[in-house]
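K.L.:
Output the structure for:
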Amino acid sequence: MTDVVFSLGNTTIGGVFHGSSEDAGSALAISGRIIFNLSDEFTDPVDIREKLKEEGLGELTDYQGNIWSGNPYAIVDEWLGSINGRVAKDRSNSIYKYGT
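P.N.:
Next up, the predicted model:
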């Protein structure tokens with residue numbers, strides 16, 4: 001697997017879970033699928049905004065507010081994922097940490 005890192009900025013990621021859970025003693029057995037969706041708009045394709053900030057300058061925009069000289073474009077995707085597993089009913093018994 002290749003490590004890939006993306007800046008999300010104002011990206012919206014959501015989804016819908018369809019599935020079920022059953023009592024499994026001290027855990028819940030969960031199975032189902034998730035339909036994920038992602039939407040964003042890339043407004044600075046040639047990284048001019050970052051270059052101007054490095055130089056201590058403001059943004060150069062056209063009459064519509066687009067960063068000069070790139071063309072903004074929408075980023076939209078949808079994908080499916082499956083879930084099968086067990087979740088501890090008592091959060092303090094979970095190996096996953098949550099909130100502080």
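K.L.:
Now name the helix or strand holding V76.
P.N.:
strand 73-88 (DSSP states H and E).
K.L.:
tell me the mean pLDDT for that strand?
P.N.:
Averaged across strand 73-88, pLDDT comes to 92.
K.L.:
Same check on stretch 41-58?
P.N.:
71.
K.L.:
what's the neighbour count on T43?
P.N.:
Using other Cβ atoms under 10 Å, T43 is surrounded by 16 other residues. In this view, the C-beta of every residue, glycine as well, is placed from N, C-alpha and C.
K.L.:
mind listing the helices for this structure?
P.N.:
48-54 (DSSP state H).
K.L.:
which residue ranges form the strands in it?
P.N.:
Ranges of strands in the chain, per DSSP state E, are 12-24, 27-42, 73-88.
K.L.:
out of these, deepest packed?
P.N.:
Counting by mean count of other Cβ atoms under 10 Å, strand 27-42 has the highest mean neighbour count of the strands of the chain, with a mean of 14.
K.L.:
partners of the strand holding V76 in the sheet?
P.N.:
Take DSSP bridges as the rule and strand 73-88 pairs in its sheet with strand 27-42 (antiparallel).
K.L.:
got a list of contacts for the partner strand?
P.N.:
8-23, 72-89 (Cβ atoms under 8 Å, 6 or more residues apart in numbering).
K.L.:
Now with 7 Å, please.
P.N.:
Residues from elsewhere that reach strand 27-42, judged by Cβ atoms under 7 Å, 6 or more residues apart in numbering: 9-22, 72-89.
K.L.:
what about stretch 16-34, how long is it end to end?
P.N.:
5 Å (Cα to Cα, to the nearest Å).
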